[in-house]
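Asks: Just to be clear, the model below is a prediction. Sequence and coordinates:
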Amino acid sequence: MEELILFSIVNTIFILKKRNQSISTYFSFLWNIAFCFFLYQLYVVTQVSYLLYASGFCYIAIVVALIFPNWQFRLFLLASDFSVNVRLLSLRILARKKESDDLLEKIVVLLNLTERYNQALFWSKKLLVLKKTTKTLNHTLYSLLRLQKYQEANETVDEILVTNHNNNYFLSIKADILFHLKEFEESITYYDRLLEFKPNSPEILYNKGKAYAFLEEFIKAEMCYKESLSANPLFIPAYTSLIKLYLKLNLKDNAAKVLEDIKNAVPNMSKELKKEISSLYGELDQIS
């Protein structure tokens, strides 16, 4: 009788929490329940208390797993977070006793990894006093970008580019920073430099088109968006930006054509994209 009551409780929880699960998941669940009942029956026969504890523990674990399906992962995250905090504390104590570039760099890396960018920036400044290299400057740059401090990030990337003139990664960051600072003409010069190394990059062509659009050089923006789509016919941001450009210019037929193109190119759209396309169709209908 007890087994039937327990099974009914857990089965109800399973149905409520796992309605859309496959039949194999359900059989796995039944196997776990059967194992609990097997341990309980062994306890009834042998009267060994450890078997009762084991059965109870398994049963509770099944219920917890059904109600909180990611509990194991959450425990892992808590343990990881605790471990990182302990390590950070120990590194800080050591750094206060004797500052070394190695210790400070470890602190900065850990703080950036745990998204504590303001603290990372504080320790980065100390690190740069002792050791100013591309690597340590990049730690500072990473924190500044996450904090959206683009003016300071611009100064930092300039320092890096002094010794890394043709590094695509830092040139790309420089171009994007200038875009955020609304220095569109200068950002275009950096996108052009990047295109010398990657002439068919849809992302770079698209970003260059956005800069031209902000400068209201619409023909050049249109050309960049089209080149981006030629490089990658599935690059959705270029489609939507091109449609918005045509809508802004009241070019209804052009916008309608690109809307059809994106529907053909991406038949299985995400919910977000479907919503955006629906909104663009609404704007299209408003054009006389």
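Replies: Arrived safely, thanks for sending. Numbers count the residues shown, from 1 in each chain.

Asks: Touching, residue 276 and residue 241? I think so.
Replies: No. Applying Cβ atoms under 8 Å as the test, residue 276 and residue 241 come out as separate, 11.3 Å apart. Glycine gets a C-beta too; all of them are placed from N, C-alpha and C.

Asks: of those two, who's got more company?
Replies: Between residue 276 and residue 241, residue 241 has the larger neighbour count (other Cβ atoms under 10 Å), namely 21 against 16.

Asks: My read is that that one contacts residue 210, right?
Replies: Yes. Residue 241 lies in contact with residue 210 (Cβ under 8 Å); the separation is 6.7 Å.

Asks: Pull the distance from the helix or strand that contains residue 240 to the chain's centre.
Replies: Counting by DSSP states H and E, the element that carries residue 240 is helix 236-248. On the basis of Cα atoms, centre = their mean, to the nearest Å, helix 236-248 sits 24 Å off its chain's mean C-alpha point.

Asks: likewise stretch 232-252?
Replies: Centroid separation for stretch 232-252 versus its chain: 25 Å, with Cα atoms, centre = their mean.

Asks: And stretch 132-140, by the same measure?
Replies: Distance of stretch 132-140 from its chain centroid, counting by Cα atoms, centre = their mean, is 23 Å.

Asks: which residues touch it?
Replies: Contact partners of stretch 132-140, identified using Cβ atoms under 8 Å, 6 or more residues apart in numbering, comprise 101, 105, 108-109, 112, 120-121, 124-125, 127-128, 156, 159-160, 163-164.

Asks: Among these, name the ones in helices.
Replies: 101, 105, 108-109, 112, 120-121, 124-125, 127-128, 156, 159-160, 163 (DSSP state H).

Asks: circling back: buried subset of the contacts of stretch 132-140, written for PyMOL?
Replies: Selecting only the buried entries of the contacts of stretch 132-140 in PyMOL, with 16 or more other Cβ atoms under 10 Å as the criterion:
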select buried, resi 101+105+108+112+120+121+124+127+128+156+160+164
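
Asks: quick one: which of the contacts of stretch 132-140 is nearest to residue 266?
Replies: Within these, the smallest distance to residue 266 is 34.9 Å, found for residue 112 (Cβ to Cβ).

Asks: got a list of what the closest one touches?
Replies: Residue 112 touches 120, 139, 142-143, 146, counting by Cβ under 8 Å, 6+ apart.

Asks: Let's see that with 6 Å instead.
Replies: Listed by Cβ atoms under 6 Å, 6 or more residues apart in numbering, the contact partners of residue 112 are 120, 142.

Asks: Show me the domain layout of this structure.
Replies: Annotated domains of the chain cover 2-69, 71-165 [automatic domain parsing].

Asks: Lowest average confidence across these, which one?
Replies: When the domains of the chain are ranked by mean pLDDT, domain 2-69 comes last with a mean of 62.

Asks: in which helix or strand would I find residue 233?
Replies: In this assignment (DSSP H and E), residue 233 forms part of neither any helix nor any strand.

Asks: one step back: just the closest of the contacts of stretch 132-140 to residue 263, please.
Replies: Among the contacts of stretch 132-140, residue 112 lies closest to residue 263 (Cβ to Cβ), at 41.1 Å.

Asks: Give me the buried positions along stretch 39-57.
Replies: 39-40, 43, 51-52, 54-55.

Asks: ok, now stretch 143-162?
Replies: Buried residues in stretch 143-162, counted by 16+ other Cβ under 10 Å: 143-146, 150, 152-154, 156-157, 160-161.

Asks: what's it in contact with?
Replies: With Cβ under 6 Å, 6+ apart, stretch 143-162 has contacts from 117, 120-121, 134, 137, 140-141, 170, 173-174, 177, 180-181.

Asks: if we can go back for a sec, quick one: which two of the buried residues of stretch 143-162 are the most distant?
Replies: Distance extremes for those: the farthest pair is 146 and 161 at 20.0 Å, using Cβ to Cβ.

Asks: Ramachandran angles for the residue nearest to residue 242 when sequence neighbours are not counted?
Replies: Of all residues not flanking residue 242 in the chain, residue 225 sits nearest, at 4.3 Å (Cβ to Cβ, 6 or more residues apart in numbering). Main-chain torsions, residue 225, degrees, to the nearest 10: phi -60, psi -40.
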